[in-house]
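Peer 1: after the sequence you'll find the predicted model.
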Amino acid sequence: DKRRHRHVYEVCLKWAETFDIESPGVSQSLLLYSEVAGVGKTSLMVCIANYIIDNWKGPSKAVPLIRFESGPGLVRRIRNTYNLRQDDDSHEREEDVYNQLSGVKILILDDVGKETPSRFTREVYWYLINERLTKGLPVLITSRPQLNIFAYYLDDRVRRPILPFEVI
């Protein structure tokens, strides 16, 4: 439906145009959802990031802190931090992953729900999204599962803060 696609495009463009890197908490988080693959959810998120970078008015050598992470990749990164020896400094630690992603100005989580649902995946998403919302930082999410399946990934602790998300 062209009208629906146009509406989604306009919402994303308005989000990018009104985002203030100095006050990221003013911007509402965003969830792009469609059961259909290949409709442009990821492309729109990349366009938002590019728009913000292209219109950056800060120091020329500095770049706004935007992080793009696939949902399944995030779960895999966290899982890979387990079973490390305490003195092993050459591997990424769980705390490092969360610290890296919870403080960036914009976090884009792509394909959330593509991985097999489990308590572990719910906890990964809950912790990260809760940290960001507590800090007043937006999360931009793309997802294909139906919202009731999405709710399975993000239990009541997260659904409540997610309700103010713009869902398109």
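Peer 2: Received it, and whenever you're ready, just let me know what you need.

Peer 1: once you drop chain neighbours, what's closest to Arg77?
Peer 2: The shortest distance from Arg77 to any non-neighbouring residue, by C-beta to C-beta, 6 or more residues apart in numbering, is to Val97 (5.4 Å). (C-beta placed from N, C-alpha, C; glycine too.)

Peer 1: any idea how far the one you found is from Glu22?
Peer 2: 26 Å (C-beta to C-beta, to the nearest Å).

Peer 1: check Val39 too.
Peer 2: 33 Å.

Peer 1: ditto for Tyr33
Peer 2: Following C-beta to C-beta, the distance that separates Tyr33 from Glu22 is 29 Å.

Peer 1: have a look at the two and say which one is more surrounded.
Peer 2: With neighbours defined as other C-beta atoms under 10 Å, Tyr33 and Glu22 compare such that Tyr33 has more, 17 against 9.

Peer 1: surely that one meets Arg144?
Peer 2: Yes. Counting by C-beta atoms under 8 Å, Tyr33 does reach Arg144; the two are 7.5 Å apart.

Peer 1: what strand or helix carries the residue nearest to Arg77?
Peer 2: helix 94-102 (DSSP states H and E).

Peer 1: can you list the buried residues in that helix?
Peer 2: If you call a residue buried by 16 or more other C-beta atoms under 10 Å, then helix 94-102 has these buried ones: Glu94, Val97, Tyr98, Leu101, Ser102.

Peer 1: understood, closing this out.
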